[in-house]
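In: Structure for the following, please:
(one chain, ligands or ions: 1)
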Amino acid sequence: MIFDVDNETLPREELEALQLFRLQTTVARCYESVKFYREAMDELEVKPHHIQKLADVRLLPFTKKDQLRDNYPFGMFAVPFDQVLRVQASSGTSGKPVVVGYTRRDVNNWGALGARCLGAAGLAPGDRLHNAYGYGLFTGGLGLHGAAETMGVTVIPLSGGQTQKQVMLLNDLTPTALSCTPSYALNIAEEAEKLGIDIRKLPLKVGIFGAEPWSEEMRYELESRMGIDALDIYGLTEIMGPGVGIECLEGKKGLHLWEDHFLVECVDIDTGEPLPPGAQGEIVITSLTKEAFPMLRFRTRDISTLDPTPCKCGRTHVRMRRVTGRSDDMLIIRGVNVFPTQVEAILMRTETLSPFYQIEVFRDGFMDSLRVNVEASPPLYAKGQDYMNRVAAKAQKDIKDFIGISCEVKIHPTGSVERSMGKAVRVLDHRKEKKS
Ligand code: DLL
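Out: Numbers count the residues shown, from 1 in each chain. Have a look, this model is predicted:
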């Protein structure tokens with residue numbers, strides 16, 4: 001089979017033997033073809049032949065996002081351009097984007113791993129995928145597109161935006177799967193409700209949602225509003241794009257990371273030291289098969305936990321728990337670490353609040369403060385200000401009890417929090433604004 005489905009259930013020993021062979025090949029490729037890696041390895045006095053066992057990956061230097069930016073645009077490419085079939089790029093919200101390249105084999109592998117993800121989500125030829133991830137330099141649109149075409153699933157390439165049209169086509173073309181960010185899925189669900197279309201009655205059966213952190217509570221919301229199974233898919237431009245891992249339909253608890261193509265570590269955020277299974281830390285990924293843009297020990301900044309326990313689906317690849325957030329999105333409010341997904345979980349457990357929210361952070365003198373802006377569900381709004389104040393007070397107390405921070409919860413009318421078309425902006429950090 002072109003997407004090596006057999007590799008998904010390889011016994012651990014065989015999987016690790018394959019990983020070691022591929023790691024050695026990748027390290028040699030990096031050392032020979034990318035000046036940055038050669039210099040970084042020489043500095044640590046590590047040569048490719050030092051990689052004798054999988055744990056030797058720890059001899060290698062980490063690669064950080066800033067270093068990729070320093071090598072903008074093509075400094076990290078390991079092949080000449082006559083072998084590069086495509087480039088994609090990260091969003092680059094803070095400065096220059098990271099530009100990555102793919103050989104023909106890389107594009108094929110990406111399609112194959114994406115197809116594996118669709119398979120894990122229960123899709124097969126005959127299914128139809130409505131793909132509302134953005135097309136273009138962002139890897140979401142073209143990534144899921146390639147996945148569907150590789151598997152032979154019909155792809156409906158919507159890209160993001162034009163939400164009313166998305167709803168119309170969900171209704172008319174009756175896809176069985178929807179791919180987009182979870183925040184955009186919520187936007188689509190809301191639009192459908194406004195238009196009087198009950199998505200639960202359509203043939204749609206599965207959502208392939210990722211590209212941003214989301215909570216279990218958000219899963220529940222999307223599943224119940226759309227009548228689907230909502231699965232978490234993970235990926236990042238620097239490593240490949242969507243399809244590094246996905247939750248399986250059977251287990252729905254943690255994402256299988258395709259370990260025959262990626263070597264995954266979980267390290268202490270501050271020290272970079274390896275953590276035992278089950279401990280929360282930063283996910284570090286080494287690509288094992290990439291040709292144009294191989295990556296050694298990329299510090300993803302994504303915070304999660306690796307779970308090596310067997311999954312009922314029979315896949316042997318390690319599971320990564322839902323990403324709580326990125327280390328650089330973690331808010332530190334008066335000494336307490338907070339991720340937006342933690343706040344999201346509490347808001348969504350509070351009945352009568354809608355799942356649309358945004359967090360603002362302010363600094364007054366030396367004190368940081370946090371305001372959570374959330375919308376009332378229409379029935380709550382109808383109950384008037386006093387009632388809403390009580391709901392806000394309850395949410396504030398829950399945030400204090402469960403996360404340990406005092407904050408202001410402000411309830412707004414339905415429709416006042418900006419809707420997402422792709423990755424939602426969850427935090428407005430006013431501390432970074434210059435004083436005039
Ligand atoms: O977001 C690739 C992607 C597209 C993944 C579509 C899934 C679906 P980037 O724009 O480079 O690539 O952003 C990568 O997004 O490091 C995480 O911080 C975050 N991210 C991606 N998937 C998840 C997820 C794409 N399932 C960055 N849960 C990553 C939480 C996610 N965060």
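In: any idea how far the ligand is from the residue nearest the centre of the chain?
Out: Residue closest to the average C-alpha location in the chain (C-alpha atoms, centre = their mean): residue 211, at 3.6 Å. Between residue 211 and the ligand the computed distance is 3 Å (C-beta to the nearest ligand atom, to the nearest Å). (Each C-beta comes from the backbone N, C-alpha and C, glycine too.)
In: Can you get me a residue count around residue 195?
Out: 12 (other C-beta atoms under 10 Å).
In: need the contact list for it.
Out: 164, 167 (C-beta atoms under 8 Å, 6 or more residues apart in numbering).
In: same question, the one 10 residues further on
Out: Residue 205 makes contact with 122, 176, 177, 228, 229 under the criterion C-beta under 8 Å, 6+ apart.
In: one step back: wait, the residue nearest to the centre of the chain touches residue 140, no?
Out: Yes: using C-beta atoms under 8 Å, residue 211 is in contact with residue 140, at 5.5 Å.
In: Identify the contacts common to those two.
Out: 133, 181, 242, 422.
In: and the ligand, which of these contact it?
Out: 133, 242 (C-beta under 6 Å from any ligand atom).
In: from the shared contacts of residue 211 and residue 140, which is closest to the ligand?
Out: Nearest to the ligand, judged by C-beta to the nearest ligand atom, of those is residue 242 at 3.5 Å.
In: Pairing partners for the one helix or strand the closest one maps to, with directions?
Out: Assigned by DSSP states H and E, residue 242 belongs to strand 241-247. The strands beside strand 241-247 in its sheet (DSSP bridges) come out as strand 229-236 (antiparallel), strand 255-257 (antiparallel).
In: what does that strand contact?
Out: 88, 110, 113-114, 116-117, 120-121, 133, 139-140, 142-144, 147, 208, 210-211, 231-236, 253-258, 262, 285, 317, 320.
In: which helices and strands sit right next to the helix or strand of the chain with the lowest mean pLDDT?
Out: Least confident element among the helices and strands of the chain, by mean pLDDT, DSSP states H and E: helix 378-382 (a mean of 84). On a contact count with 3 or more C-beta pairs under 8 Å, 6 or more residues apart in numbering; DSSP states H and E, helix 378-382 meets helix 385-402.
In: Mind listing residues that contact the helix it packs on?
Out: Against helix 385-402 from outside (C-beta under 8 Å, 6+ apart): 342-343, 346-347, 349-350, 352-353, 372, 374, 376, 380-381, 405-411.
In: taking the residues you listed one by one, which sit in helices?
Out: If you go by DSSP state H, these have 342, 343, 346, 347, 349, 380, 381 in helices.
In: which of these has the most neighbours?
Out: residue 343 (27 neighbours).
In: could I get the shared contacts of residue 211 and residue 140 as TSV with pLDDT?
Out: Converted to TSV, the shared contacts of residue 211 and residue 140 look like this (pLDDT from 0 to 100):
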residue	pLDDT
133	98
181	98
242	98
422	95
